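S.K.: just to be clear, the model below is a prediction. Sequence and coordinates:
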Amino acid sequence: MGEFFVSLLVTLVKIGVVLGVALGLGAYLTWVERKVAGHIQARLGPTVVGPFGLLQPLADGLKLMTKESIIPRGADVPVYYLAIMMAVAPSILLFSVIPFGPEFTVFGYPVKPIIADVNIAILIVFAMGSLAVYGTVFSGWASNSKYAFIGSLRKAAVIIAYEVVLGFAVLGVILLAGTMSTTGIVEAQIERGVWFVFYQPVAFILYLFCMLAESGRVPFDIQEAEAELVTGYNVEYGGMKFGALPMAEWYLNVMALSAIAVVLFLGGWSGPRILGPLSPYFWFLAKTFGLVFFVMWLHWTLPRFQAKDVTEIAWRIMLPLALLNVVVTATVVYFFGGS
Amino acid sequence: MGVKRVSRRDVLNVVETIFFIDFLKGLSVTLRNMLRKPITTEYPAEKLTPPKRFRGAHGHFVWDGSEPDSLKAIERYMSYEKGKSRCVACYMCQTACPMPTLFRIEAVQMPDGSKKVVRFDMNLLNCMFCGLCVDACPVGCLTMTDLYELAGYSRRDAVLRVERLEKQGIDFKSRRGDEPDRIWSDDAHREKLWGKIEWSG
């Protein structure tokens, strides 16, 4: 019985830490993004609130929370509110299967820095990624606005495009590692001493494409499309409701998917022990935020694809490539034992 | 005239497409930009000094002894005061102005027969800062200063009366009077951008 309560306590502490860190970093990624965007355009970004504008996310949050809440006439109110939950919850749940480092012991109890070390973690990632789309689709449907509705229809078109490719891209890694557990995949890479990105470069690039499409980032941000759709599906939301949707999609989702890309392709927490016992966490966070930075960098470089182009590229180029990659990987693994 | 169609195949060859050369080129441009120093002027905290020929709010140069000898000839026909506007109410500025209602100039004849300018108002709400009035002024009185913060709390604030014009003229002369007349804020910067420009006659 004592064992159960200890594991419950440990899990609650882990949930608290991951939730706090993820939401805090999610808020501060807005600051990072504005700084990156500013400097790419030879501007400064936020500078006024606090040193280097570091208190800007707090000021933004305060401003959003004190805004008047307006619900458009003819909106489907329960679905309107449900959409926010449907957008935020799956993005946060993605963090539950991310291993931040190797197992360690506290007071004799072994603790894994992962909330749910399940053996179907990758399936959970796919499931949550697909669920997150309901937030977008519901918000567009419920807000009774043409722009929002077009945005959510476009998101529906995009998910048809990337979801299949995502599954086949990750299948190569699963074949190599022989497990669907995220911890197992990282350990498989550490055992071989090679990151899977060197075995599966095509799959890595396909995963990056799918990651950009799933998190609604440029060049696949057609459901937001500021220029055409006035930010698309979330146009009828106000106040913190408006803040929650991009935060879930642009920041939490990008962060979680980057972490999963690090787990799948970039060796998770592996790296030289330069910081003693903290170095696995350092390497994991460094790789993750390197990838997040890459996504932002891409965001402020590329133009946007058309909606039909996204589907066309996915089905005519990326899906055959992914299938070929899976077949070749499976053949190699079958005949050479995968190592 | 035929339309030349450029397909993606003509822009990038297969190898370039596979390795995302166009993406990488764009990414390198943005990365170089990101490492460059920002060019922002944080406006209310730091303000740029416009070049001397900047066409900002107007001003009147005053009768202070610095005027050329040719102007001294008309001194006896005007009832001038030291340190006041050297306007002669010739209406040249109003004639040159594309906007008929911008100027309101009035002058009276004094008992000794000299002319006195009693009113010189400019409604800057009508002004497009073309500078034609400055070119037209025959006595070198009307000028344009480098003041560009012209927002006010009422329409009345946008009307420049003669006192304010004199004040702005004196202020402009004291600050920038010794500078060479040029449209660049400084010659070093101009030469860096466009090279040395010399008299070509």
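M.R.: Sure thing, it's come through.

S.K.: which stretches of chain B form helices?
M.R.: Ranges of helices in chain B, per DSSP state H, are B:8-11, B:14-18, B:21-35, B:69-72, B:92-96, B:132-136, B:162-176, B:187-194.

S.K.: revised request: answer the last question for the stretch 201-339 of chain A.
M.R.: Listed in chain order, the helices found in the stretch 201-339 of chain A under DSSP state H, counting those that start in this stretch are A:201-214, A:226-229, A:239-246, A:253-265, A:279-299, A:307-313, A:319-336.

S.K.: can you tell me which of the ones you listed comes nearest to chain B?
M.R.: Each of the helices of the stretch 201-339 of chain A has some distance to chain B by CB to the nearest CB; the shortest is helix A:279-299, at 6.4 Å. C-beta: built from backbone N, CA, C; applies to glycine.

S.K.: could you report the neighbour count for the residue lying closest to A:Leu206 once chain neighbours are set aside?
M.R.: Leaving aside its chain neighbours, A:Leu206 sits nearest to A:Ala169 (3.9 Å; criterion: CB to CB, 6 or more residues apart in numbering or on different chains). Burial of A:Ala169, expressed as a neighbour count using other CB atoms under 10 Å in any protein chain shown, amounts to 29.

S.K.: now render the helices of chain B as TSV, adding mean neighbour count and mean pLDDT.
M.R.: Rendered in TSV, the data for the helices of chain B read as follows (neighbours: other CB atoms under 10 Å in any protein chain shown; pLDDT from 0 to 100):
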stretch	mean neighbour count	mean pLDDT
helix B:8-11	9	63
helix B:14-18	11	75
helix B:21-35	14	87
helix B:69-72	11	81
helix B:92-96	17	92
helix B:132-136	16	92
helix B:162-176	17	91
helix B:187-194	11	76
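
S.K.: out of these, nearest to B:Gly113?
M.R.: helix B:69-72 (18.5 Å; CB to CB).

S.K.: so what touches the closest one?
M.R.: Contact partners of helix B:69-72, identified using CB atoms under 8 Å, 6 or more residues apart in numbering or on different chains, comprise B:86, B:139-140.

S.K.: of all those, which comes closest to B:Arg161?
M.R.: Distances from B:Arg161 to the contacts of helix B:69-72, taken as CB to CB, are shortest for B:Arg86 (16.3 Å).

S.K.: wait, the closest one touches B:Leu142, no?
M.R.: No - under the criterion of CB atoms under 8 Å, B:Arg86 is not in contact with B:Leu142, lying 9.6 Å apart.

S.K.: shared neighbours of those two, which are they?
M.R.: Shared contacts of B:Arg86 and B:Leu142 (CB under 8 Å, 6+ apart): B:60-61.

S.K.: residues contacting the closest residue to A:Phe265 other than its chain neighbours?
M.R.: Distances taken as CB to CB, 6+ apart put A:Val197 closest to A:Phe265, at 4.1 Å, once the chain neighbours are dropped. Taking CB under 8 Å, 6+ apart as the criterion, A:Val197 is in contact with A:204, A:265-266.

S.K.: tell me which element A:Val197 falls in.
M.R.: Here A:Val197 sits within helix A:196-199, counting by DSSP states H and E.

S.K.: flag every residue of chain B that's near chain A.
M.R.: Taking CB under 8 Å from any CB of the partner chain as the criterion, the neighbours of chain A within chain B are B:23, B:26-27, B:29-31, B:33-34, B:36, B:38-40, B:42.

S.K.: what about chain A, any weak spots by pLDDT?
M.R.: Within chain A, the stretches with pLDDT under 70 are A:1, A:337-339.

S.K.: can you give me the strands in it?
M.R.: Counting by DSSP state E, chain A has strands at residues A:104-106, A:109-111.

S.K.: pretty sure A:Phe204 sits against A:Phe265.
M.R.: Yes - using CB under 8 Å, A:Phe204 and A:Phe265 qualify as a contacting pair, with a distance of 4.7 Å.

S.K.: okay, the two: which has more neighbours?
M.R.: In this view A:Phe204 and A:Phe265 are compared by other CB under 10 Å, and A:Phe265 has more residues nearby, 28 against 21.

S.K.: am I right that B:Ser79 is in contact with B:Pro111?
M.R.: No - at 9.8 Å, B:Ser79 and B:Pro111 do not qualify as touching, with contact defined as CB under 8 Å.

S.K.: these two - which one has more neighbours?
M.R.: Using other CB under 10 Å as the criterion, B:Ser79 and B:Pro111 rank with B:Ser79 on top: 18 against 6.

S.K.: tell me the contacts of that one?
M.R.: For B:Ser79, the residues meeting the contact criterion (CB under 8 Å, 6+ apart) are B:110, B:112, B:114-116.

S.K.: per-residue pLDDT, the residue positioned nearest the centre of chain B?
M.R.: With distances taken as CA atoms, centre = their mean, B:Arg55 lies nearest the centre of chain B, 1.2 Å away. Per-residue pLDDT puts B:Arg55 at 90.

S.K.: what's around the closest residue in space to A:Ile122 that isn't next to it in sequence, how many residues?
M.R.: If the residues on either side of it in the chain are set aside, A:Ile122 comes closest to A:Met180, at 4.6 Å by CB to CB, 6+ apart. The burial count assigned to A:Met180 is 19, neighbours taken as other CB under 10 Å.

S.K.: A:Met180 against A:Ile124, yeah?
M.R.: No - taking CB under 8 Å as the contact criterion, A:Met180 and A:Ile124 are not neighbours in contact, 9.2 Å apart.

S.K.: quickly check: the lengthiest helix in chain A near chain B or not.
M.R.: Looking across chain A with DSSP H, the single longest helix is helix A:2-40. Yes - counting by CB under 8 Å from any CB, contacts between helix A:2-40 and chain B involve A:36, A:38-40.

S.K.: report all helices and strands that that helix contacts.
M.R.: Secondary-structure packing of helix A:2-40 (3 or more CB pairs under 8 Å, 6 or more residues apart in numbering or on different chains; DSSP states H and E): helix A:56-65, helix A:77-93, strand A:109-111, helix A:253-265, helix A:279-299, helix B:21-35.
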